[in-house]
Structure formats: C-alpha cells, structure tokens
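>>> what follows is a predicted structure for the sequence shown.
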Amino acid sequence: MKGNTKRSYKARVISSERISPSCGVVVFERPEGFPDALPGQFVSVRVSDSTVPLLRRPYSIMDLTGLELALLVKVAGRGSAMLASAGPGEVMDLAGPLGGASFDDPGGDDAVLVAGGTGLAPMIFSARTWKRRGSRGRLYLVHGAASRDESPDSFFEADFDKVFRATMDGSAGFSGDVVALLAKLLDEGRISAPLLYSCGPAGMVRALVERTGDRFKSHHTSLEAVMACGVGACRGCTVPLREGGRIVFKAVCDDGTVFRASDIAWEEWW
Amino acid sequence: MKGNTKRSYKARVISSERISPSCGVVVFERPEGFPDALPGQFVSVRVSDSTVPLLRRPYSIMDLTGLELALLVKVAGRGSAMLASAGPGEVMDLAGPLGGASFDDPGGDDAVLVAGGTGLAPMIFSARTWKRRGSRGRLYLVHGAASRDESPDSFFEADFDKVFRATMDGSAGFSGDVVALLAKLLDEGRISAPLLYSCGPAGMVRALVERTGDRFKSHHTSLEAVMACGVGACRGCTVPLREGGRIVFKAVCDDGTVFRASDIAWEEWW
Amino acid sequence: MVTEEKKSVFRVGNAAFINPVLLASGPAGYGLEYSGMIRLARLGGVVTKTISLKPRAGNPGVRLRETGSGLLNSVGLENVGAARFFGEKLPAILEAGIRPVVSLAAEDWDDYTQLLDETSCHRDVDVVELNLSCPNVERGGLAVGTDPAKVDSYVKEARSRLPGVALLAKLTPNVQDIASLAAAAEGAGADGITAINTVIGMDIDIGKRRPVFRMVRAGLSGPAILPVALEAVWRAARAVKIPVMGAGGISSVGDAMKFFMAGAAAVQVGTAIFYDPGLPERIAEELERSGLPARI
Amino acid sequence: MVTEEKKSVFRVGNAAFINPVLLASGPAGYGLEYSGMIRLARLGGVVTKTISLKPRAGNPGVRLRETGSGLLNSVGLENVGAARFFGEKLPAILEAGIRPVVSLAAEDWDDYTQLLDETSCHRDVDVVELNLSCPNVERGGLAVGTDPAKVDSYVKEARSRLPGVALLAKLTPNVQDIASLAAAAEGAGADGITAINTVIGMDIDIGKRRPVFRMVRAGLSGPAILPVALEAVWRAARAVKIPVMGAGGISSVGDAMKFFMAGAAAVQVGTAIFYDPGLPERIAEELERSGLPARI
Ligand SMILES: Cc1cc2nc3c(=O)[nH]c(=O)nc-3n(C[C@H](O)[C@H](O)[C@H](O)COP(=O)(O)OP(=O)(O)OC[C@H]3O[C@@H](n4cnc5c(N)ncnc54)[C@H](O)[C@@H]3O)c2cc1C
Ligand SMILES: Cc1cc2nc3c(=O)[nH]c(=O)nc-3n(C[C@H](O)[C@H](O)[C@H](O)COP(=O)(O)OP(=O)(O)OC[C@H]3O[C@@H](n4cnc5c(N)ncnc54)[C@H](O)[C@@H]3O)c2cc1C
Ligand SMILES: Cc1cc2nc3c(=O)[nH]c(=O)nc-3n(C[C@H](O)[C@H](O)[C@H](O)COP(=O)(O)O)c2cc1C
Ligand SMILES: Cc1cc2nc3c(=O)[nH]c(=O)nc-3n(C[C@H](O)[C@H](O)[C@H](O)COP(=O)(O)O)c2cc1C
Ligand code: FES
Ligand code: FES
C-alpha cells in the first residue's frame, strides 16, 4: 500500500478574477504544508457548508508556486458558481494534491497540448512546470471552446510556443471543433510533434483518438468524472480501460487523472 | 370562503443594517401592489433558491410605509443568517401580508406591550400604526432579551410613551425575565393599563398568562410556530385552543397570528 | 398550436384535465387558500386535502420540521369532514373554476363505505383519489396501502359504489414492492395510480431530548425524496397500463420532465408550492411550449 | 477522565471498540485511502468495503449522482475479492493501527459459505458485518435482506462457521418492517445490527433522455435519508436487545447524537466523509467530552 499524503487544508482566497463571462481564476494562498504537485493533479474544494451542493468539486491545478495555488473555474452549475464568486479573504476547505498519475515531462521532445474548455488548466500547469524544469521542446497549445465567451483572454499565451484557438461559433480563431483544427494544422504541416497531451470532455478526447491517433507516438489524456472521495476509496469515478482483452475499471481520481488515451474503452463509458 | 389577497412579490432590499451583534433591520422597497397591513401580520420570505433551507421564513412586519417594508431579523440559524446578510439591491421573493387576525387598536385605552426578543417587531408596527391613526392611549413597552446583544439599540424609543427593558444576564436594564419585570412594574404601580399585548416565545407568553393574567382586562398575543404555507392551507402551524371545553386546532398563520391568550391550551402545545 | 395543446391533455378514466399538472393532496389544503399565489384554474387540477367521513382534528404537538432538502409533517389528516367539504368547500372550489380531484381517506371499513356513498351523491365529483397511504394515522392508511389484498378490496368497493367516477389509487412508498400494489389497484378497477405519498421518517429534538413529533413518526416530502419517488413511478408505470400520476420532490420544471420520462402521465406538485408557488404553472407552460416528453 | 472514556467504549459480542464511531462500509474503501485525511486509528473502527469471494469489477457507466442533499451511487460492490483482501488489505489495515470490521457480501449460498470459511481462517478478524442489503447487485443482496427467513439462514450459517467472531447484520431500509428483520437476525445469533444501508432511488438525465445509471436503480445516501435512517434505528432498537449501529445521513455531531438518543449504541459515518472528513473524529471527541447521550 503506498503512503497517503492526500490531506485536507484550509485555504484562503487571495484574489478572484473574471477573465471571461463564464470563467474566472481563483487564486488561493498556498496552504502551509501543501506538497508540490504534478501537472494533471487536482484539488477538491468544499464550496459551501450546506448540503446543496453535497460533494466537493474537483479542479485541476492551473498553477502552484511557493505562495499561490491557482484554479481556472468555469461556471457550470451551483457549485462552480459558489467557487467562482468566493471573495478575497474567504477560507475554503480544499483537499489535495490528488491524482496518482500525471503528465510526464516531454523531455526534449516537441508536444501538442489539446485543451477543451477548462481542460486548459492542467495544460497551463504542464507548460509552466516543464519550462521551470528547463524542458526545451516546443509546446503547441490548441484550445477549443464553444464561443469567445468560454475562451478566456490569453493570459497564458506566453506559456506556450504557439497558441491556436477554435470556437464552435467562430467568434474567435478557427470556426469549428478543436479536433478539426488540430487535423487541419497537422495536414498543413503547421504543427508536428511526436507527443500529444489532452484534457477536455470525453467526446473530444475520443474524437482525438479516432482522428489523430496514428499521428502521434503517444497520447496521454487527463480525464474528468463525477467524484465523491477523490482518493480512490469510493470507486465512484471509474473509467473502463482495456487491459489484455479484458475491461478493468480504474479510478480517474487515483489511478489517473492521466491515462494512455488508447487504453480507454469508450463504448463502455457513459 | 373569504377572498384571498395573499400574494407573492419580488421585493428589493434597500438597506440592511446590523443593530446589535445578533440582530439586523432589513428594509425592502414596498413591492408594487403590496396591500396595507395590520399590526401582527407577517411576510414569508424565500431566503435562498437552494433547498437548504427549504421553506420560506416568516417575519413580522416591523413597519410598512408607502415606500418601505421593514423587518427585524435575529440570526437564529441558516435561513435568518441569509436574510440578515442580504445586500442592498438583492431581490427576494416575499409573500404577504399574511395573518388573518391582528392586534386591535386599543382605542383610547392605555396598553402594555410585552415583547420577548424579536417579538419586538410587531410591537413597533402596532405603536406606529396606532399613533399614525391618532390613537391617544399611553403605550408602555416592556422588552425582554437574553442579553444586551439581543436587545437592539432603542431606535424605537420614540414610538412608545415609556420603554422598560429586561435582560436575563443583567447586561441592560432589569436583571431577569421580562415577566418578572412586568410583575414588578405592576406591583410598584409604575405601569397600569387595562390592555396587554404580547409577542415572544411560547414560554414567555404562558408565564405572562399565569402570572399577570388577572391584572388586565384583555391579553392578546401574537404567536410563532414553524410554518410551511403561511396561508392556512397545510395545517402545519396549529395551536391548540380551548373552545367550549373542547380542544380545537387553529392555524397560527391564518387564524392568527393574534389570539386571546386565555384561549390557548398550553399543556397541549409542544 | 392546437396539436401542441392536445398533446398535454390528460385523462384518467372519463375525467379530463386541461393539462397534466396538479397540486398534490395536502400542502394546498382545499386549494382556495392558495388562490392568491397560484392561478389554480390554469392547472390540470387540485387534489384536495384528504377528507374523512367525520371531521378530524389532526395530530397534537409540532407538525412540521425541516430536514436536509426535505420536510417532515405530522399533520395527521386534519380535515373538515365530508359534510363541510361537500357543503362548503367543494362548491367554492367549483365556483373558482378549479378542477378538483377529491381525495378520500381509506380509514376503517364502515366509515369508508359511508364516505363513498356520501361522495356518490355529488354528481359534480367525477374523479376521486383514494388515499391508501397516509402514514400518520394509526389505524387505516398504512395498513391498507401496504397489503395487496386490502388494496384490492378497498378499490373494488370504491369501484362499485362510485360507478362512472374515475378512480385514482394513491400508493405509499413504504413497502417493498410498489409494483404489486399498483397491479392490485389496477386489477381491482382503478383508473389510475398516484405515486408516491410521503416516506416514513422521524426527527429528534436533541435539546429537548425527545422526538420532534408526538406521534414519533412523520411523513417525509420534498426534494430529498425525489430519487425514491422517481424509482417508484418508473416501477409502477411498468407494472400497469393505467396512467400513473407522479409526485414526490418535484421542485423544478426539469424534475417534472424526469417523471414524464419515467412513465408518469401527469405530475402532482406538493411541498414545492411552499417555497415556489409559481412552479406548477411554469411546468404547465413548458409542456404547452414543448409538448409532453416521451417516455423512455 | 477514565470514567468519561469508559462511557464511550463500545462492544459487540466479544469485540471491543475504543469509541462508538466508525466509518460505514464503502465510502472509505479499505480505509487506507483516507489515511491522509482521517486519523483512522482514533476512530472506533472502519467497516471495510464489502468483499465477495471473487473480485468484482462493479457496475459499468456513471456511478455517482448528486440529488437534493443526497448522493445516488451505483458502484455495484466493486471489490478486490477475499484473497487480495485478506492477503494485502487486511494486513496493511492492521499495520496502520486501524480497527477493522470486515464486511462480507451475502451473495449466493455457495460463494457465501466459502467466503465465511475463508474468513474463519484469519484469526485477526474478530468482528464481521454481513451486508444483507446491498441494493445494487442483481442476485444476492436485496433478496436476502428483505426476507426474514433468508436473514435467519444467512446469519445462522455465519454464526456456525465463524464461532467466536462478533456478527453484525446490516439491514436495508427497503422493506416494510425493519423490526422483524432485526428480530430475525437477533434470533439467528447476530451480536449486533447495523441500520441502514442505502435507500433505493434513481435519477434520469433529461438531456440524454435515459436513466443516469445503467442499472437504472441506485442507492441513496447522505442527509436526505437521515429521517428514514433515524426512524429505522428507533424501530430496530426497540425490537432487539443486541446493540444497533446507526448509519444514514449523519453529517454533524448533532446528527450523531440523534442516533444515540434513538437507541443506537454506535454510529457509522458514510457519505459525509466525502465533504467533511473531520466529522467522525469530532463526534468521537464530543462523546469523550460529554459522554454518550442517554437513550430516550
Ligand atoms: C479531475 C477534474 C478536474 C477538473 N478541472 C476543472 C477545472 O480546472 N476547471 C473547471 O472549471 N472545471 C473543472 N472540472 C469540472 C468541475 O469539477 C465541474 O464543472 C464542477 O464540479 C461542476 O459543479 P457545479 O456544481 O457547478 O455543477 P453541477 O450543477 O453539479 O453540474 C453541472 C455539470 O457539471 C457536471 N459535473 C458535476 N460534477 C462534476 C464533476 N465532479 N466532474 C465533472 N463534471 C461534473 C454535471 O454532470 C453537469 O453536467 C474538473 C473535473 C474533474 C473531475
Ligand atoms: C409569525 C412569525 C413571525 C416572526 N417574526 C420574526 C421577526 O420579526 N423577527 C425574527 O427575527 N424572527 C421572527 N420569527 C422567527 C423566525 O421565523 C425564525 O427565527 C426563523 O424562521 C429561523 O430560521 P433559521 O433558518 O434561521 O433557523 P433554523 O435553523 O431553521 O432554526 C433555528 C431556530 O428557529 C426555530 N424556527 C425555525 N423555523 C421557525 C419558524 N418558522 N417559526 C418559529 N421558529 C422557527 C427552530 O425551531 C430553531 O429553534 C417569526 C416567526 C413567526 C412564525
Ligand atoms: C403538509 C402535507 C400534508 C399532506 N397531506 C396529504 C393528504 O392529506 N393526503 C395525501 O394523500 N397526501 C398528503 N400529503 C402528501 C403529498 O400529497 C405528496 O404525496 C407528498 O408530499 C410527496 O410530494 P411532494 O414531495 O411534492 O410534497 C401531504 C404532504 C404534506 C407535505
Ligand atoms: C459510494 C458508496 C458505497 C457504498 N458501499 C457499500 C458497501 O460496499 N457495503 C455496504 O454495506 N454499504 C455500502 N454503502 C452504504 C453505506 O455503508 C451506508 O450504509 C449508507 O451510505 C448510509 O450512510 P451515509 O448516509 O452516512 O452514507 C455505500 C455507500 C456509498 C455512498
Ligand atoms: S472519487 Fe472515489 S474513487 Fe474516485
Ligand atoms: S403554515 Fe400552513 S396552515 Fe399555517
């Protein structure tokens, strides 16, 4: 049994900023004793002391410095609205860093990072972590969103060597879905890299596998699932993987969130 | 069947002021079409759009002018805390005026008004209403609270001819309960009036009946009970009254909130 | 528009409703009390507070208590009795243009048969809901609704004494297998099923160190029980051919849609009117706009 | 202090616990996963995730859904099986100073008897909870826990194959009369009762127009079911002399006190650890400070 360093902390909000009509960045003081985290790891936040919503809400770490822990929050319902509207000084209960598998450093290789919606958060954390470590490969970000409203202003442009953007309604960047944009970029030779990293809705990741699977040496993806414990205990967040012909259920929270995209048994997952 | 003018309104908070550590006054814009109300009537406020708390919260009308509707709010739990912290501009759903029986005008007679805690609110409304109508009897307020913290600053002094105050811990005014204070005032001849009006915890009202019942020509009391509908439909807020030797259940919300104190079958009520 | 509107017309036996959105029995009393807050004539109907043959005073002590997203009640079938109901309440309800469904308590057999006969005298009454399930009353309610044989005899009796009247059998969730009770009601001649009544629960006042309610047990309603109600409706709708009215925790338009998808032909809103009296009308409007969601 | 502490020591059969606050089976897995967030050794014990003889993969599809103050789960008894549990998990649990209560699935008879025999080989195991009630598994669970005759035979079998081991029978609330099932378990030799497991419910995804869960039904837990659990414990505690462990919706220290007042000798916390992992320890501390509240 591996040791368990997953703790619950009280974290104070330093700032909370709307960066688009539906998204905000919430920055917490890094709680004392909060361990270093890896790209793809997340925290789980108790957004209220009511029983509606009941469960903590999981959020990818967008950045973790010596002093700060930053989250990118899209308002999707009641819980995220509460988190997005937390004012400076507010103290919230936050567990982490959670997640047993993270995005590996591309080493010297170039990499494409595909993000759907707030799947952006772990990509920013990846880029910043790898650059801090001195990684020298080129990092291409391809970001897809429903519309300009869901595509936050590019405060993260500097973190990548190049940023491409797709919106479903064409209000910013490429008009269409992010997978189509990636295919186009690859076809036109504007991007070429051996490694693919992705994070976004299951439908997006599945389309990535189906349409661009053979164009990368590896494709790692950080998955989302509804979670209760966040630590691998309750078995509520499982994803079906194909393992030697059999289907096995892995916990997104603890066996992931990062998996080899080719292992996922999509047709078993709804 | 009597006509039903009990409606639900959207009401905007104009101001919300803490007047003691545990109490606040929340002033709403009087909603368009909101009828005139009688002393002892109340409104029922939807304090959140969550299902915790589930029910509206009933509040006595502390004042109703052409422009404003004021409530006195003590923080007793989650619901009242939400109401007390509503900020200016916030719009809440509010039903009223509710209550089928109110405090009758004392006419020219003197009257003692005994209030326990926030039982103060209907007393303020009574005094203001009666004075506005030109009532000329003397109005004595006897107010009891647990401590100075629960006894709001006397912004209402001017509404009464004389104000007496009791706190259980002696931090303001008479040290002891409000019923003991009233008995003392009566004994010492510092108060004398034919009419008694009261509002407060059931225990207080019961003690008033038992200890001062024979010293007044009439005693009317405004009761509290946990309420769901507020309009006499659900039969959830009943109080047992003695009616010709039988016990009958009356709805506090609709048959009251004001009852003849001597009718209440206390031993049947818990 | 005509087609759209037709879609949401709802029938039980020979009784027709302008839409399949009703107020559940109890929370709204006899309906009239809510006439200031709900435009009752725009709803499919109002199931009136369950009446018994004689007036009932209801339970002593505290009658309401909030729980996590739920409400416990121990009203105990307080009602004005058949005579006043038919003499005063029903005429006023009809006068106000409200479409009543008359809820009758299935108490002991004698009172029950007399109540049925009394009801049969009122030609205005074309649809009755048999409350086989009230958990607050010591005799009657619970026992009837939990035993298929009793459901059979109570429904058969109503069927024979109320010819031509549409009969709804209202079931309790406090059983192991609601499907068999729904089937028993159908077999005995019910024209529809209502599911569910409140779930048995209790609460304790830790300060006073005693149960909150004098009768100890009380009935749980509201959003807390929605998952339980939805499952019961899903199961009942698969066990019978007659229409099922779904009730239990509906507190949004979307919640109502879940019941239709689960197989309900109509919905009843109870507890939610306490905090959101506009909800039933919003559900009816949404159905008019979008049509009835198909069963899944 | 010694007296105070003694007050809250709790026993089932021959098994003793340092305090009467445990983690319920399931939410905390095998306990260890939560060791970073809960000081497990300070609790009375941890009821481990129910195990079956062979490993189980659990249910496909979505497994969790929030409802009003509740949680639906369709985990479906995913577990590592007896061999890995006794080989890997149990030694690690004991190593960590956690006091385990081993939860066993009462599936079909053959697997069940083998599982009992396997369990009896492990001298470390002095208390077992028989999960007679898991509502997610098609065979087994539900059927056993809803039939007094089956409860009798399953408990008797465990009694005879696990001599000297304290036996808890965990009951389902999805029955009409939990008291008779508790009495059946006691009669068959159980040393204690655990009540309740999850309440049957379901949810529908209105966007996707299908049930949220592939198995349709799921188990409801959390504050929504507290009133139901409290009533079940109240009733069970009055039907048996053996201690009752109360579970269901406990989400505050006060909630736990309600269960003790209702007659529980111990409490189990489940769903609440997801949002408030400190709760079980706070309950234990409050009991140490104030003693066990007397039954009312
Ligand atoms: C590992 C992980 C990392 C995540 N990182 C981010 C992030 O960096 N930024 C961000 O904005 N969001 C992120 N999410 C999604 C975020 O957790 C959900 O948007 C949030 O929980 C919705 O809560 P709500 O109360 O606002 O919405 P609800 O009203 O509960 O639901 C709104 C929608 O969100 C879905 N949802 C609810 N709970 C979850 C959940 N636990 N996981 C996924 N979907 C859910 C619902 O099915 C529904 O479609 C992440 C989720 C996971 C599992
Ligand atoms: C007709 C009427 C007029 C009232 N007027 C005022 C007023 O002017 N100012 C004021 O501060 N309070 C007034 N109250 C009391 C007020 O409604 C409660 O304090 C409030 O509902 C508590 O809600 P909560 O969520 O904060 O507390 P909860 O957490 O729900 O409960 C805290 C305490 O309040 C009690 N309580 C809960 N609901 C009610 C209720 N509906 N009625 C009475 N007690 C309740 C509970 O039993 C508990 O002891 C009035 C109550 C009634 C019935
Ligand atoms: C205060 C109250 C009183 C009720 N009275 C009755 C009744 O008299 N007859 C009846 O059949 N159901 C009664 N019910 C049950 C409701 O009709 C309904 O079946 C149940 O509350 C579930 O729906 P809801 O969650 O929407 O309230 C009552 C419910 C409440 C809350
Ligand atoms: C995710 C989850 C998994 C569960 N798994 C089990 C189990 O394996 N065995 C069991 O007896 N009960 C299981 N339960 C039921 C709990 O032990 C408990 O009886 C129930 O959830 C009520 O308590 P609560 O409301 O505090 O969660 C599970 C509950 C949840 C939420
Ligand atoms: S959320 Fe519990 S195992 Fe992943
Ligand atoms: S609160 Fe419904 S009758 Fe008074």
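Thanks, I have it. Ligands and ions are numbered 1, 2, ... in the order given.
>>> what pairs with residue 71 across the strands?
I went with chain A, as the question did not name one. Bridge pairing for residue A:71 (DSSP bridges) gives the partners residue A:26.
>>> sorry, should have said chain C
Beta-bridge partners recorded for residue C:71 (DSSP bridges): residue C:66, residue C:221.
>>> okay, the residue of chain A found nearest chain D: pLDDT?
Chain D sits closest to residue A:233 of chain A, with a gap of 3.2 Å, by Cβ to the nearest Cβ. Backbone N, C-alpha and C define where each C-beta goes, glycine included. Residue A:233 is assigned 97 on the pLDDT scale.
>>> show me the shaky parts of the chain.
By default, I'm working from chain A. A:1-4, A:153, A:270 (pLDDT under 70).
>>> oops, chain C please
Under the criterion pLDDT under 70, the flagged ranges of chain C are C:1-8, C:134-143.
>>> at 90 instead, please
C:1-10, C:31, C:106-109, C:133-146, C:176 (pLDDT under 90).
>>> for it, what lies in contact range of ligand 3?
Neighbours of ligand 3 within chain C, by Cβ under 6 Å from any ligand atom: C:24-27, C:49-50, C:71, C:73, C:75, C:77, C:103, C:131, C:134, C:170, C:197-198, C:221-222, C:225, C:247-250, C:269-272.
>>> hmm, residue C:255 and residue C:286 touching each other?
No: look at residue C:286 against residue C:255 with Cβ atoms under 8 Å: they stay out of range, at 11.5 Å.
>>> for those two, indicate the residue with more neighbours.
Taking other Cβ atoms under 10 Å in any protein chain shown, residue C:286 and residue C:255 do not tie; residue C:255 has more neighbours (24 against 17).
>>> my read: the more buried one touches residue C:249, true?
Yes: in this structure residue C:255 lies within contact range of residue C:249 using Cβ under 8 Å: 6.9 Å.
>>> between these two, what contacts are shared?
Common neighbours of residue C:255 and residue C:249, using Cβ atoms under 8 Å, 6 or more residues apart in numbering or on different chains, are C:223, C:226.
>>> and the residue of chain A closest to chain D, how many neighbours?
Neighbourhood size, residue A:233 [other Cβ under 10 Å]: 25.
>>> my read is it is in a helix, agree?
No: Residue A:233: not assigned to a helix; according to DSSP: H, G, I helix; E, B strand; the rest coil it is coil.
>>> still on that earlier bit, filter the residues of chain C next to ligand 3 down to the buried ones, ChimeraX style.
Per 16 or more other Cβ atoms under 10 Å in any protein chain shown, the buried members of the residues of chain C next to ligand 3 correspond to this ChimeraX selection:
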select /C:24,25,26,27,49,50,71,73,75,77,103,131,134,170,197,198,221,222,225,247,248,249,250,269,270,271,272
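>>> among the residues of chain C next to ligand 3, name the ones in strands.
C:71, C:73, C:103, C:131, C:170, C:221, C:247, C:269 (DSSP state E).
>>> beta partners for the fifth one?
Residue C:170 forms beta bridges with residue C:131, residue C:194, as assigned by DSSP bridges.
>>> and it, how far from chain B?
According to Cβ to the nearest Cβ, to the nearest Å, residue C:170 stands 17 Å off from chain B.
>>> over to the last one?
With the distance defined as Cβ to the nearest Cβ, residue C:269 ends up 13 Å from chain B.
>>> hmm, that residue is touching residue C:283, no?
Yes: applying Cβ under 8 Å as the test, residue C:269 and residue C:283 come out as touching, 7.2 Å apart.
>>> quick one: common contacting residues for the two?
Common neighbours of residue C:269 and residue C:283 are listed as C:21, C:250, C:256 (criterion: Cβ under 8 Å, 6+ apart).
>>> could you dump the residues you listed to TSV with distance to residue D:187?
Formatted as TSV, the shared contacts of residue C:269 and residue C:283 follow (distance: Cβ to Cβ, whole Å):
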residue	distance to residue D:187
C:21	49
C:250	42
C:256	46
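>>> and chain A, which residues reach chain B?
Residues of chain A lying close to chain B by Cβ under 8 Å from any Cβ of the partner chain are A:50, A:51, A:52, A:78.
>>> er, the stretch 1-150 of chain C actually
Contact residues, the stretch 1-150 of chain C versus chain B (Cβ under 8 Å from any Cβ): C:26-30, C:32-37, C:49, C:57-58, C:60-66, C:68-71, C:73, C:75, C:78, C:88-89, C:92.
>>> filter these down to the buried ones, PyMOL style.
In PyMOL, this line selects whichever of the residues of the stretch 1-150 of chain C next to chain B come out buried by 16+ other Cβ under 10 Å:
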select buried, chain C and resi 26+27+28+29+30+32+33+34+35+36+37+49+57+58+60+61+62+63+64+65+66+68+69+70+71+73+75+78+89
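>>> show me where chain A has its helices.
A:78-84, A:120-133, A:178-187, A:202-212 (DSSP state H).
>>> before we move on, what about the stretch 1-150 of chain C?
Taking DSSP state H, counting those that start in this stretch as the criterion, the stretch 1-150 of chain C contains helices spanning C:2-7, C:81-84, C:90-95, C:109-120, C:141-146, C:148-161.
>>> so which elements touch the fourth one?
Using 3 or more Cβ pairs under 8 Å, 6 or more residues apart in numbering or on different chains; DSSP states H and E, the elements in contact with helix C:109-120 are helix C:81-84, strand C:100-105, helix C:148-161.
>>> save those as a markdown table, and put in distance to residue C:187 too.
Below are the helices and strands packed on helix C:109-120 laid out as a markdown table (distance: least, Cβ to Cβ, whole Å):
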| stretch | distance to residue C:187 |
| --- | --- |
| helix C:81-84 | 28 |
| strand C:100-105 | 20 |
| helix C:148-161 | 7 |
